[in-house]
Structures are given as C-alpha cells and as structure tokens.
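Student: give me the fold of what follows.
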Amino acid sequence: MCFPVELDTLTCGKSLPSNSRLVSLAPEIDQSTGLIRVGGRLRRSELLRPDTVHPIVIDPKHPLSQLLIQHYDEKLHHPGPERVFAELRRKYWIIRGREAVRRHQHQCRECKKWRGKPEVPKMADLPPARLRLHRPAFYSTGVDCFGPYTIKVGRRNEKRWGIIFKCMTTRGVYIDLLPKIDTDSFLMALRKFTARRGTPHELYSDQGTNFKGGERELSEAFAAMQPNLQSQLAKQKIQFKFNPPGAPHFGGLWEREIRSLKSALNVTLGAQHVTEEVLSTVLTEIEGMLNSKPLGYVSSDVADVDPITPNSLLLGRPDPDLPQIVYPESELLSRKRWRHSQVLADHFWAHFIKRYLPELQTRAKWITETGKDLKTGTVVMIVDHQLPRALWPVGKVSATVPGADGKIRTAEVQVQGRKYIQPVSKLICLPPLPEDNKDS
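Tutor: A predicted model of the protein is given here:
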C-alpha cells in the first residue's frame, strides 16, 4: 500500500501534516475506488480529462510504478525521459517521477542501445616510449600513412600517399612519399628511413594491412637466417607494436602531427594538382617546418632562453635556415671537434627535461575515474560509426587487456562466434541478458 498514513488521515477528513510528501498536491480520496488523487488547481478546466486533472498518486518505490514506467517506455519505443514522464502525468502522478523514469531508463537494455555512451577510464600515464631520455632520436617511433593526393604524370593523373615517422620522445618527424599503400612500398620507405635516421628500437602503428604485412615479412626473413647471424642481428631487430583496431587515440601523438601536416599542405597546394617532384619537395619542406616547432611554452621575454625544437637535436640548431650554433670555448670542454656534438645533445636534453617534460604531467581529457572496470562476460555494444546505431553489433567480453596501471582499456569481444579486439572507448555496456539473470 502507498501512503498508509495519508490514506487514514484523508479518510477521517483531517488535514495532512506539514511534513507529508503529498501536502503540496492537496490530495483527495476517490470515493469510487478508494485511491488518492491529486486535488491540485486545474479543476476548473473544461478541456482536460478528469484523469489529467486528478491523476492517481503513486509511490516511486512501489512495484506498480515500475511496471507503469516500463509499459509507457516500451509503448513509446524508448524515447527520452521527458516524453515518458509527460505521458505518465496524463493519468498518474508518481512522486519524483522524472528521477524514477531516468532510473528505469538507465537500467533498460533498449534505452542503453539508443542513448548509452562508452565509459572511458582515466587517461593512462605516459608509456615508456614517450620517456626515452638521452636516447637517439627516433629510438621509439610511431608511423602512419595519410592521403591520397593526386599528382600529374604527363597528361594523366595518379595517386600518391604520404608516410610519417614520428619520434615518440623528441617529437621529431620524417616524411616520405609512397607510390602505393602496400607492404612493398612501406618496407622500402622503412629502409630509407633507417638509412637516414637509424634503426628504431620499436615501431608503433595501427593495424593497417601494409604495416602488418611488413612486420610479417621482416619476421619471416629474420627466421630464415642462420642462427649465428640471428644472434648478431637480434639487437637490431625492430619491435612492432600495434594499436587496437578502431582506436586512433592510441596514436594521438602522430595523428595530431598529420593534422598539422595536412593544414600546411592545404595552404601550400590548395586544390591544384602538381607533379610528384613538387609534392615530394613540399613534404620535405613541411618536415622542416614541423621539426622547427618549439617544444613547450614560448616566452615573449627577450631575456628568456630560446625554446628547443626537434631540430635542436637533429641538426644542432633550432631551425634549418639559421646558421650553425657556435659555442664559446668554455662550453666545448676542449679543442676536440667530436665533443661539439655531445655538447649540443646535452644542451637539448637539459632544456627538454627542465622546460618541456613537466608540461606532460597534466591530462587533457579523461581526468576522472569511472569507478568500475570492464569485466569478462559483460554484454557490450560495439560503436561503429559506419553503420546506423540499430545495426551496431552486440556481444560479450571474452577477455580483457589491463594496462600498466591495471585499468582496462582494451577488450576482446565475441560476436556470433567471431572475436574482435576493441578499445573500451568503443564499447557501450548493456544490462545482462534475461537468460543470464535466470542462470544466476
């Protein structure tokens, strides 16, 4: 029974106490049914139905209110909470009805399908690849492709793609042009990159077929070598590390650089089609521009130290257009020229650690804890922006991949016999299936 004290008081013809939850509704007893109805102030309306003027008052915790909300939610095909609440008010007055409707829709499976959002954990700490201090440039490298761009070859047009190698620590970039976006083109670009910048210790990328194919061919070639040659080259073997599918934020370091590159390319070329030689030259000049970007805050005070750039380590000077830096004799330690390069590297790392590295402490987004991690067996819906939301696949989490801090940011989802590796930012948790509740 709902409101037994109020029901007894109204039956006896007494006034409700001031602390009653119904006192503002001026409730009345329906003599035909014995239910409590809202007295309210709309009784003089000639257009409203009696049920709308005097709706039945129901406690939000009563099972009847839960069934009514569920009925109207399904009848209206799971709209927003205000729509369900307005329809309920035509006949029923549920105390704190909006909150009750939102509570129901938060647990409703169909409502979550249409309006649920992924619960992303707090942004992780910087990985070791971002903190390879006092290591050569491009020791830890991220790689990605961009394009295509149309070039002129005689009287016909052809497509070309770009590839960018980004140093994870010093933020230096290397840009090259690809005739095709396949495994062979990637391996040739990688050979040119290693010839100019050295062999990287680890290479991060997405799961593009050209990158996966390149890793497979290099692994097969290494496995086919003689054992003594393998032992000598093991230290030079590149470790390929792939991000989960559909997770561009895992490679945000180089994705942001591609955005800067495309902006510079659009300003330089616009909509015109140029030759391959011109496009290659422009990309090389953009590489110099990106490597000349200051790392960290740039002060307007002329007395402050000039900011460092990736070129400070790659070229020994902040910008390729400036003359070579000449240090005083006291900083060269001796007249031996080989020590000059060491002084330049020490100068870069001293400023990098003192002025730029502390700025990486803050988190730009995902700064709060969600309070719960994804667990095995959870029913989830995979976000796929290439499909309508009604066709997004639904499956169960079969395995989770914890990060270095123990937070779950990647999971394996089983959908109709197939398994998909997905980031947590693309997974929407759904209430358990009805058969799961019966089994439990």
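Student: contacts only, for Thr141.
Tutor: Thr141 makes contacts with Phe165, Lys166, Cys167, Met168, Pro200, Glu202, Leu203, Tyr204, as judged by C-beta atoms under 8 Å, 6 or more residues apart in numbering. The way it works is simple: take the backbone N, C-alpha and C, and place the C-beta from them, glycine included.
Student: so which of those sit within strands?
Tutor: Judged by DSSP state E, strands contain the following of the contacts of Thr141: Phe165, Lys166, Cys167, Glu202, Leu203, Tyr204.
Student: what sits against the closest residue to the fourth one other than its chain neighbours?
Tutor: The shortest distance from Glu202 to any non-neighbouring residue, by C-beta to C-beta, 6 or more residues apart in numbering, is to Gln239 (4.4 Å). For Gln239, the set of contacting residues under the criterion of C-beta under 8 Å, 6+ apart consists of His201, Glu202, Leu203.
Student: need the strands for the stretch 51-200 of the chain, in chain order.
Tutor: Secondary structure of the stretch 51-200 of the chain (DSSP state E, counting those that start in this stretch): strands at 56-58, 92-94, 140-153, 156-167, 173-178.
Student: quick one on the thing from earlier: Gly13: which of the contacts of Thr141 is nearest?
Tutor: Closest approach to Gly13 among these (C-beta to C-beta): Tyr204, at 78.3 Å.
Student: sorry, back to before: mind checking the strands of the stretch 51-200 of the chain for the one nearest to Val415?
Tutor: Once the strands of the stretch 51-200 of the chain are compared by C-beta to C-beta, strand 140-153 is nearest, at 27.3 Å.
Student: list just the nearest of the ones in strands among the contacts of Thr141 to Phe193.
Tutor: After measuring the ones in strands among the contacts of Thr141 against Phe193 - C-beta to C-beta - the closest member comes out as Phe165, at 5.4 Å.
Student: beta partners of that closest one?
Tutor: Following DSSP bridges, Phe165 is listed with bridge partners Val143, Tyr174.
Student: hang on, the earlier thing: mind checking which of the ones in strands among the contacts of Thr141 are buried?
Tutor: Buried residues within the ones in strands among the contacts of Thr141, counting neighbours by 16 or more other C-beta atoms under 10 Å: Phe165, Lys166, Cys167, Glu202, Leu203, Tyr204.
Student: and the fourth one, what pLDDT?
Tutor: Note for Glu202: predicted pLDDT of 90.
Student: isn't it up against Ile238?
Tutor: Yes: if you go by C-beta atoms under 8 Å, Glu202 and Ile238 touch, sitting 7.0 Å apart.
Student: returning to that earlier point: quick one, which of the strands of the stretch 51-200 of the chain is packed in tightest?
Tutor: Comparing the strands of the stretch 51-200 of the chain by mean neighbour count (mean count of other C-beta atoms under 10 Å), strand 173-178 ranks first with a mean of 22.
Student: what sits up against that strand?
Tutor: With contacts defined as C-beta under 8 Å, 6+ apart, strand 173-178 is touched by 138, 145, 147, 160-167, 185-186, 189, 192-193, 196-197, 257, 261, 276, 279-280, 283-284, 286-287, 290-291, 310.
Student: where is the longest helix in this protein?
Tutor: As assigned by DSSP state H, the longest helix anywhere in the chain is helix 252-269.
Student: show me what the helix or strand that it is followed by is packed against.
Tutor: Later in the chain than helix 252-269, the nearest helix or strand by DSSP states H and E is strand 274-275. When contacts are defined as 3 or more C-beta pairs under 8 Å, 6 or more residues apart in numbering; DSSP states H and E, strand 274-275 sits against strand 140-153.
Student: chain center to the strand it packs on: distance?
Tutor: Between the centre of strand 140-153 and the centre of its chain there are 23 Å (C-alpha atoms, centre = their mean, to the nearest Å).
Student: tilt between that strand and strand 173-178?
Tutor: Interaxial angle of strand 140-153 relative to strand 173-178 (axes from the mean of the first three to the mean of the last three C-alpha atoms, to 10 degrees): 40 degrees.
Student: only alpha carbons, please: show strand 140-153 as CSV.
Tutor: Coordinates of each C-alpha in strand 140-153 appear next as CSV, following Å, rounded to 0.1, in the frame of the first residue of the first chain:
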residue,chain,number,x,y,z
SER,A,140,60.8,4.8,-30.3
THR,A,141,58.9,5.7,-33.4
GLY,A,142,55.2,5.9,-34.4
VAL,A,143,54.3,5.5,-38.1
ASP,A,144,51.2,6.2,-40.1
CYS,A,145,50.1,6.9,-43.7
PHE,A,146,47.9,9.7,-45.0
GLY,A,147,46.4,10.8,-48.3
PRO,A,148,45.9,10.1,-51.1
TYR,A,149,46.9,13.1,-53.1
THR,A,150,46.5,13.5,-56.9
ILE,A,151,49.6,14.3,-59.0
LYS,A,152,50.2,15.0,-62.7
VAL,A,153,52.2,12.5,-64.7
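Student: residue numbering should commence at 38 henceforth.
Tutor: In the new numbering, first residue 38, that becomes strand 177-190.
Student: now do that strand against helix 289-306, angle only.
Tutor: With the same axes, to 10 degrees as the basis, strand 177-190 and helix 289-306 are set at 20 degrees to each other.
Student: for the chain, which residues score under the pLDDT cut-off?
Tutor: For the chain, residues meeting the criterion pLDDT under 70 lie at 38, 262-263, 266-273, 338-342, 358-382, 384-385, 408, 470-477.
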